[in-house]
Each structure stands twice: as structure tokens, then as C-alpha cells.
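Trainee: sequence? don't have it. structure:
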């Protein structure tokens, strides 16, 4: 059976497809056969990906973790704030939510209060995927908030690289720091660097 029709559909959809998007029994059989032949990989129940799409460092977050927000190391890498290469995609979700993660790609979940998911988050198109991601000021504040988890050296690097950017918005940074309860720590970091 020819799997080219399903591959064409996958390429139009950024390398990912769900069983809900398969229109006929014939396409479903093509999907199954492509998975058996190693052309596709089953990410989790109902979600399949082309191998070349998995090689890309950006995943379609909305399909794997609906309403998930790229944060921390993934956001550091996107904005060029750190030289650290993320070992997994960092995604924030609401604290009480339960999500089943696929075996691949590696994903680190961060459980945030609902209030913390309501500010500093933007829609962005990254590598052909529409994703939610923390904006750059929120990313810096998250680095300060989680400085003991990520390491003080990484936190310092994020702040230094942010301050070098011409588009920085210190007033917005202070506003987010106030909401995340890290304003005093941010002030100390800024006083030593400015």
C-alpha cells in the first residue's frame, strides 16, 4: 500500500497528525503501515509524527500538551538568554491538571498556579508551530523564581543577556517580578549589574 498520501498530509501539517484528522479507513491503514515500517512514530495515543519532524528541536506543544506554555530552558533557548542546551522541552501547565506524556520527545512539566498562567504569556510561531511561550520579561522573572532549581550561574547568565538587549522593558520586568514575588531579589540582581 502506498503511504505517500499520508506523508503529504503530514508535511502539510508540520510533520504531526492525529487520528481525528484521518478521513478514511484507507488513510488509517496507511498511517498504521507507515508506523510499522518506521516512517512514522506513535507519540501517544492518537498522535503520530514523521521522523524528520522529531529531529527538529521544537515540538508541536499544543498537540502533545494542550494549553501548555513553553517556559524556562525552552524559553531561554528561544530568546537566546542562555548557552544551556535544554535536555527536554519545558512546559508549564496548571497545577491541578493531569497530562499523559509520550516517551518521546522528552518533556519536563512545571505545575504553576492558575494565576501565574494568566500573565506574561504570548502566542508565537516557532519552527512552523503556533505555541504559547512566556514573553522575555516573564522568562527572566521565572529564572529568578526558579534560581535554586536551574542554578545561580544560569540565572545570572539569563539576567546578563537580557540586560544586553536593546528591547528590554525594565518596568514590565518589575511588574512581573512583583506578581511572582521576586521583586526584592530582582532589585538586588539589577543593582549589582547596572
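Mentor: Sure thing, it's come through. What you are looking at is a predicted structure, and each value in this text was computed from that prediction instead of being measured.
Trainee: quick one: the strands in this protein?
Mentor: 16-18, 40-44, 47-50, 69-70, 89-94, 107-112, 121-126, 129-134 (DSSP state E).
Trainee: so which of the ones you listed is the most packed in?
Mentor: Highest mean neighbour count of the strands of the chain: strand 69-70, a mean of 26 (counted as mean count of other Cβ atoms under 10 Å). Every residue, glycine included, has its C-beta placed from N, CA and C.
Trainee: and that one, how far from the chain's centre?
Mentor: Centre-to-centre, strand 69-70 and its host chain are 4 Å apart (Cα atoms, centre = their mean, to the nearest Å).
Trainee: same check, this time on stretch 151-160
Mentor: 20 Å.
Trainee: what about that stretch, average pLDDT?
Mentor: Average pLDDT, stretch 151-160: 94.
Trainee: over to stretch 176-189?
Mentor: Stretch 176-189 comes out at a mean pLDDT of 95.
Trainee: buried residues in that stretch?
Mentor: 176-177, 179-180, 182-183, 185-186, 189 (16 or more other Cβ atoms under 10 Å).
Trainee: let me have those residues in TSV, extended by distance to residue 75.
Mentor: Below are those laid out as TSV (distance: Cβ to Cβ, whole Å):
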residue	distance to residue 75
176	13
177	16
179	17
180	14
182	16
183	20
185	19
186	17
189	18
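Trainee: what two of those residues are the furthest from one another?
Mentor: Greatest spatial distance among the buried residues of stretch 176-189 (Cβ to Cβ): 179 and 189, at 17.0 Å.
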